[in-house]
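J.: mind looking at a prediction? Sequence and model below.
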Amino acid sequence: MRGSLVWRIAVPFIVLILLSVGGVSLYFTHYTEQRYTDNLHESLKTSANILARDVAERIQNGASYDDLALVISSYAELTQTRITLIRSDGVVAADSLADPKTMSNHLDRPEVKEALKGPEGAEIRFSDTLKRRFYYLAVPVLSNGNTIAVIRLARDLSVIEGELRNLRMGILGVGAAITLLAVLLAYLVAEETLRPLRKLANKVQSLKQGDPNIDLPSGRKDEIGLLSRSFEQVAGQLSTQMADFQEERGKLEAVLRHMTDAVLIVDKAGKVILANPAAAKLFHTQIDQTLGRSLVEVVRQHQFVELWRVSRDSGKQQISTIETSPERYFVQGTATPLESSLPGSTLLVFQNLTRIHRLETVRRDFVSNVSHELRTPLASLKALTETLQEGALEDPPAARRFLQRMEDEIDNLTQMVRELLDLSRIESGRVPFDRRPVNPLIMMDNAVERMRMQAERGGLKIQIDASESLPEVMADADRIEAVLVNLLHNAIKFTKPGGQIVVSASQDGDKVVFSVRDTGIGIKPEDLARIFERFYKADQSRSGGGTGLGLSIARHTIEGHKGRIWAESYLGQGSSFFFSLPTA
Ligand code: ADP
């Protein structure tokens, strides 16, 4: 981990240690070398001065160069140095290690040059004669203030240098060891300091992944402990907030998912940013296909887009109801600007009022139909009563005829009221059907027998076409017989003499399908779709005094039996009415 804090903390320490250990080592080595050289210089100088004085005295006393050579040799032995006596003209007069005759003129040697001029001369140099490095120190031999020769002491540096090298190596070794140790220590300290921090980071990571069981080193008394405790508090608050948030979100989602009203939220630019399943259903799309799309693409009704635009621009709630195309739904749209919660966005709620609208229409039609249906016989009764009062009573045969017509009208009224009551009771489910297994043939026989006379009077043939082995159906026999009688009654009413009526039944899976077919006048396709509605009569002039309630009652009865009723018809050729009932 190059970016890790461990290295960031350890590296400056390591650099500092390297620099200080290196510096100390360098200084120490240099200092030691200097001390060595200084000591050497001082000891050589002392010895040289003593010898110079001795040699000067001996020369003054007339000693020969051979005598001096002996003195020099013994001095050299005593001081462990090489000693050379050089005359002031540069010629080597004596040397403790070499033969002076083989030695070149030494006037060019820097230490000699300096010694001739001043109190001393010194140099470190490689000796051509002895092929080693030497420390040379030369002092003048003075006689009466004049330099008569130069005494030069030379110490072989190889021993000292060897020692110095060892010393340097030692210092370097210790320095390296200290550095290594310090680096290791720096790393360990940094690592140890940062381990709880790393642990903390891991815990935070696991919290991020939704694991609420964080166990932080909060018991520590240091900054890490402080950080952990603060973090624990924050994490606690965060998880409570998250839980609250999740709960709120869950509630909101549940409301949105299960509400029947369609909901859209549209941003300032007209893009849909939220949609519920009801909205997707109403606008025939999928939720994910609505998000990010423009409102017009989703709702495809320009009035709703206009509703949104007006609400957005005015900052006020707008409501309008439109009939959608092509579905012809009655939809009420409410656009509310979401000022504080989502500035610029608009909440659109759509309520499908189609069912309520239809029910309202049905209710209105029903009231007007009932009034209309009642008015006709009542007006006729009124007219008949008036005619009787105006003198027809005096004419008994006419009076009897009028009374007969009045009775017919009253019968009609009674029939209609009975049917209305039946219908309302069946519709509201107040008369539970007494469903038991029944043989279809028995119901068909009973119904046909009840209507046979009426059919024959109308010049019609009526017959049953069904197999003996039909399964039993679950039915309230009286009610189903009433449905069959009603269908037969219609068939007789709408078929001209000479026609034929066939009542049949056949099994279709777990159902038995009954049918009543006639060869009558037939029903127009546009009427066929509506004949099961209350009071609907296809052709008022030919309806033969019916109430228009029979088929409506039949439909409710069959649907109450978990069956289905439908009709097929060809104008001028006849009609077929079918209904199915589940087998027992
Ligand atoms: P109604 O009491 O008027 O017969 P129904 O609900 O039974 O009322 O029938 C509704 C309308 O359906 C009738 O007025 C008639 O126009 C049409 N209809 C029903 N059955 C037949 C049929 N077998 N042939 C032709 N038209 C029919």
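T.: Thanks, I have it.
J.: contacting residues for whichever residue of the stretch 101-250 of the chain sits closest to the ligand?
T.: At 51.1 Å from the ligand, residue 250 is the closest residue in the stretch 101-250 of the chain, using Cβ to the nearest ligand atom. All C-beta atoms are positioned from the backbone trio N, CA, C, and that covers glycine. Applying Cβ atoms under 8 Å, 6 or more residues apart in numbering to residue 250 gives no contacts.
J.: renumber starting at 3 from here on
T.: Sure, I'll start counting at 3 from here, so that last one is residue 252.
J.: for the protein, which residue gets nearest to the ligand?
T.: For the chain, Cβ to the nearest ligand atom, closest residue to the ligand: residue 548, 2.2 Å.
J.: for that residue, list the residues it contacts.
T.: 492, 495, 539.
J.: got those residues as CSV, with pLDDT, neighbour count and distance to the ligand columns?
T.: Shown next, in CSV, are the contacts of residue 548 (pLDDT from 0 to 100; neighbours: other Cβ atoms under 10 Å; distance: Cβ to the nearest ligand atom, whole Å):
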residue, pLDDT, neighbour count, distance to the ligand
492, 93, 23, 3
495, 92, 18, 6
539, 80, 19, 3
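J.: is it fair to say residue 235 lies in a helix?
T.: Yes. Assessed by DSSP: H, G, I helix; E, B strand; the rest coil, residue 235 belongs to a helix.
J.: could you check how far residue 317 is from residue 368?
T.: 44 Å (Cβ to Cβ, to the nearest Å).
J.: neighbour count winner among those two?
T.: Regarding residue 317 and residue 368, a neighbour count based on other Cβ atoms under 10 Å identifies residue 368 as having more, with 15 against 9.
J.: helix or strand for the more buried one, which one?
T.: Following DSSP states H and E, one finds residue 368 within helix 356-391.
J.: mean confidence for that helix?
T.: With pLDDT averaged residue by residue, helix 356-391 scores 85.
J.: how about stretch 233-242?
T.: Stretch 233-242 comes out at a mean pLDDT of 83.
J.: so how far is it off the chain centroid?
T.: Distance of stretch 233-242 from the chain centroid (Cα atoms, centre = their mean, to the nearest Å) equals 22 Å.
J.: can you check stretch 147-164 too?
T.: Worked out by Cα atoms, centre = their mean, stretch 147-164 lies 90 Å from the chain centre.
J.: check stretch 498-518 too.
T.: Worked out by Cα atoms, centre = their mean, stretch 498-518 lies 61 Å from the chain centre.
J.: stretch 455-462 too?
T.: 76 Å.
J.: so which bits of it are buried?
T.: By neighbour count on 16 or more other Cβ atoms under 10 Å, the buried set for stretch 455-462 is 457, 460, 462.
J.: does residue 460 really touch residue 500, like I thought?
T.: No. With contact defined as Cβ atoms under 8 Å, residue 460 and residue 500 do not form a contacting pair (9.7 Å).
J.: which helices and strands does the helix or strand where residue 170 lies pack with?
T.: Here residue 170, judged by DSSP H and E, is contained in helix 159-210. Packing contacts for helix 159-210, counted by 3 or more Cβ pairs under 8 Å, 6 or more residues apart in numbering; DSSP states H and E, involve helix 7-62, strand 134-145, helix 225-260.
J.: give me whichever of these is most buried.
T.: Greatest average neighbour count among the helices and strands packed on helix 159-210 goes to strand 134-145 (a mean of 21), per mean count of other Cβ atoms under 10 Å.
J.: flag the shaky bits of the chain, pLDDT-wise.
T.: For the chain, the stretches with pLDDT under 70 are 3-6, 209-220, 541-547.
J.: give me the domain ranges for it.
T.: 7-164, 221-260, 261-354, 359-430, 438-584 (automatic domain parsing).
J.: okay if I get those as a markdown table plus distance to residue 200?
T.: Converted to a markdown table, the domains of the chain look like this (distance: least, Cβ to Cβ, whole Å):
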| stretch | distance to residue 200 |
| --- | --- |
| domain 7-164 | 9 |
| domain 221-260 | 10 |
| domain 261-354 | 41 |
| domain 359-430 | 68 |
| domain 438-584 | 70 |
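J.: I'm done for today, thanks for sticking with me.
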